[in-house]
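Colleague: Turn this into a structure:
(one chain, ligands or ions: 1)
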Amino acid sequence: MQDKIWLSPPHMGGNEMTYVQEAYDTNWVAPLGKNVSEFEKSIAKYLDLNQASALIAGTASIHLALILLGVKAGDEVIAQSFTFSATVNPILYLGATPILIDSEEDTWNMSPLALRRAIDDRISKGKKPKAIIPVHLYGMPAKMNEIKKIADFYSIPIVEDAAEALGSKLNDKKMGTWGKLGVLSFNGNKIITTSGGGALISDDETLIERSRFLASQSRDDAPHYQHSEIGYNYRMSNIVAGIGRGQMEVIDERVEQRRKVNTWYKALLSEQEGITFHNEPTKNYYSNYWLTSIIVNPKETGGVTNSDIILALEKENIESRPLWKPMHLQPIFSKYPFYSTGVSKMLFEKGLCFPSGSNMSENDMQRIKTTLKQILKF
Ligand SMILES: *Cc1c(COP(=O)(O)O)cnc(C)c1O
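Modeller: Now for the predicted structure:
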């Protein structure tokens, strides 16, 4: 059996160990420290913000974002249904109710039409939602111009789940910086990784300051340990942040490499009927193409389905996977209000993500090409 080709493996830049070693050498094997502050600075600089708060995970960052916006038990929070469960789970941590919004066809992300319908309906039922969480899936920016207009009209803050979209842009403005708060993830399979980690970003520095306070056990300014609020242990470790410092040095390169992989797949399958790529809808969109994704129409491929392709790749030890199963179809979330367009169900049934690592070799590409040619016969 040949080596496994992973969906999205880590890709170190080279300097990560230097920073991790520095932490060892100074015996700063602890939460916080120089690596954390330097990592935060590099994130802020990259996104053109003054501050960022490095945390243990993207999920923890969403949790804190909702706390910062005052979400409490019984509140309603709007979220994109077509996403990874980590977008929605923090709503339930707080005892609030997720209101799930379907996708539109251009970006596969939150439908502005369904969003407006949902807000009007929730308000007519007596509750104005406390926050809106759009997601930029697989790196593709959601229709933030429209979503922001609606959010501003109703004065509802946006928490942008940019966990998959570091380096993506809409109208030249980086994703993560469109909402009141933005969330990044550095989990093992994201475009850059710290093994596990996340960040909370905002141009509102008091929110970031407060996130640091909450994330380090909400310790009051006193000589003894005093607490007036519930605290969390969510700050990033100095070892993990060392990896992050090295990774931020190569983020632009990683975006370019992922986009090259995307271009390669598009060229490879350009003559193939029945395959639709997850594409930037206009020139204003710039995706990091974290994962190259497609929809397969078996009526046009001669009967070949997305599952057939996934299984054929798996037989060759090549990892691909179905698109996210929408939250409204998940056993744990299906009881919550859902505003449908029909799009995310279709995407789940027909789509798949190709292996898209920035460190994919020529040999890997050759293996993928051979396997796809066999199953699709292009
Ligand atoms: C990865 C991911 C998260 C969660 O990030 P973690 O760092 O793994 O907690 C949240 N939302 C989306 C869309 C993700 O892909």
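Colleague: dump the residue contacts of the residue of the stretch 51-200 of the chain found nearest the ligand.
Modeller: Distances from the stretch 51-200 of the chain to the ligand, computed as CB to the nearest ligand atom, single out Gly58 as the nearest residue at 2.5 Å. All C-beta spots, glycine's among them, are computed from the backbone N, C-alpha and C. With CB atoms under 8 Å, 6 or more residues apart in numbering as the criterion, the residues that contact Gly58 are Ala86, Asp161, Ala163, Val183, Leu184, Ser185, Phe186, Asn187, Gly198.
Colleague: okay, now the first one: neighbour count?
Modeller: Using other CB atoms under 10 Å, Ala86 has 21 other residues around it.
Colleague: where does the residue of the stretch 51-200 of the chain closest to the ligand fall, phi/psi-wise?
Modeller: Listed backbone geometry of Gly58 is phi -60, psi -40, with angles given as degrees, to the nearest 10.
Colleague: returning to what we had before: let's see if you can find the most crowded of the contacts of Gly58.
Modeller: With neighbours defined as other CB under 10 Å, the most crowded of the contacts of Gly58 is Asp161; it has 32 neighbours.
Colleague: one step back: how close does the residue of the stretch 51-200 of the chain closest to the ligand sit to Ala86?
Modeller: Separation of Gly58 from Ala86 (CB to CB, to the nearest Å): 6 Å.
Colleague: and Pro10, how many neighbours?
Modeller: Each residue near Pro10 was counted by other CB under 10 Å, and the total is 19.
Colleague: ok, now how distant is the closest residue to it other than its chain neighbours from Gly126?
Modeller: If you skip the residues right next to it in sequence, Pro10 has Thr193 as its closest partner in space, 4.9 Å away by CB to CB, 6 or more residues apart in numbering. Note on Thr193: its distance to Gly126, by CB to CB, is 43 Å.
Colleague: and if you look at Met1?
Modeller: Taken as CB to CB, the span from Met1 to Gly126 is 59 Å.
Colleague: Return the residues of the stretch 1-150 of the chain in contact with the ligand.
Modeller: Within reach of the ligand by CB under 6 Å from any ligand atom, the stretch 1-150 of the chain has these residues: Ala57, Gly58, Thr59, Thr83, Phe84, Ala86, Thr87, Val135.
Colleague: looking at it, the first one is touching Gly196, isn't it?
Modeller: Read that as Ala57. Yes. Shown here, Ala57 and Gly196 form a contact pair, counting by CB atoms under 8 Å, at 6.1 Å.
Colleague: Please say which of Thr193 and Gly126 ends up with more neighbours.
Modeller: Each of Thr193 and Gly126 had its neighbours counted (other CB under 10 Å), and the higher figure belongs to Thr193 (22 against 6).
Colleague: Let me know the average pLDDT across stretch 182-200.
Modeller: Averaged over stretch 182-200, pLDDT sits at 97.
Colleague: Next: stretch 279-290.
Modeller: Averaging pLDDT along stretch 279-290 yields 98.
Colleague: Residues contacting it from elsewhere in the structure, which ones?
Modeller: The set of residues external to stretch 279-290 that reach it, using CB under 8 Å, 6+ apart, is 8, 106-107, 138-141, 164-172, 190-191, 254-255, 258-259, 261-262, 356.
Colleague: could you redo the last one with a cut-off of 7 Å?
Modeller: Residues outside stretch 279-290 that contact it (CB atoms under 7 Å, 6 or more residues apart in numbering): 106-107, 138-141, 164-171, 191, 255, 258-259, 262, 356.
Colleague: For the host helix or strand of Ile119, name the packing helices and strands.
Modeller: Assigned by DSSP states H and E, Ile119 belongs to helix 112-124. Judged by 3 or more CB pairs under 7 Å, 6 or more residues apart in numbering; DSSP states H and E, helix 112-124 is in contact with strand 76-80, strand 97-101, helix 144-154, strand 338-339.
Colleague: now these as TSV including mean neighbour count and mean pLDDT?
Modeller: Compiled in TSV, those are given as follows (neighbours: other CB atoms under 10 Å; pLDDT from 0 to 100):
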stretch	mean neighbour count	mean pLDDT
strand 76-80	25	98
strand 97-101	25	98
helix 144-154	17	98
strand 338-339	21	98
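Colleague: Nearest to Pro223 among these would be which one?
Modeller: Ranking those by distance to Pro223, with CB to CB as the measure, places strand 76-80 first at 38.3 Å.
Colleague: Drop anything exposed from the contacts of stretch 279-290.
Modeller: For these, a neighbour count by 16 or more other CB atoms under 10 Å gives the buried set as 106-107, 138-141, 164-170, 191, 255, 258-259, 262, 356.
Colleague: Out of those, which sit inside helices?
Modeller: Judged by DSSP state H, the subset of the buried ones among the contacts of stretch 279-290 located in helices is Val255, Arg258, Arg259, Asn262.
Colleague: Pretty sure the first one sits against Leu166.
Modeller: It stands for Val255. No. Under the criterion of CB atoms under 7 Å, Val255 lies out of contact with Leu166, with a separation of 8.1 Å.
Colleague: Give the residues shared as contacts by the two.
Modeller: When contacts are counted by CB under 7 Å, 6+ apart, Val255 and Leu166 are jointly contacted by Ile191, Asn288.
Colleague: How about the secondary structure of the residue lying farthest from the centre of the chain?
Modeller: Checked against the mean C-alpha position of the chain, the extreme residue using CA atoms, centre = their mean is Pro223, at a distance of 39.7 Å. Reduced to three states with DSSP: H, G, I helix; E, B strand; the rest coil, the structure at Pro223 is coil.
Colleague: Check what pLDDT it gets.
Modeller: Spelled out, the predicted local distance difference test score at Pro223 is 92.
Colleague: do Met1 as well
Modeller: Turning to Met1, the model gives it a pLDDT of 80.
Colleague: ok, now Lys377?
Modeller: Lys377 is assigned a pLDDT of 81 by the prediction.
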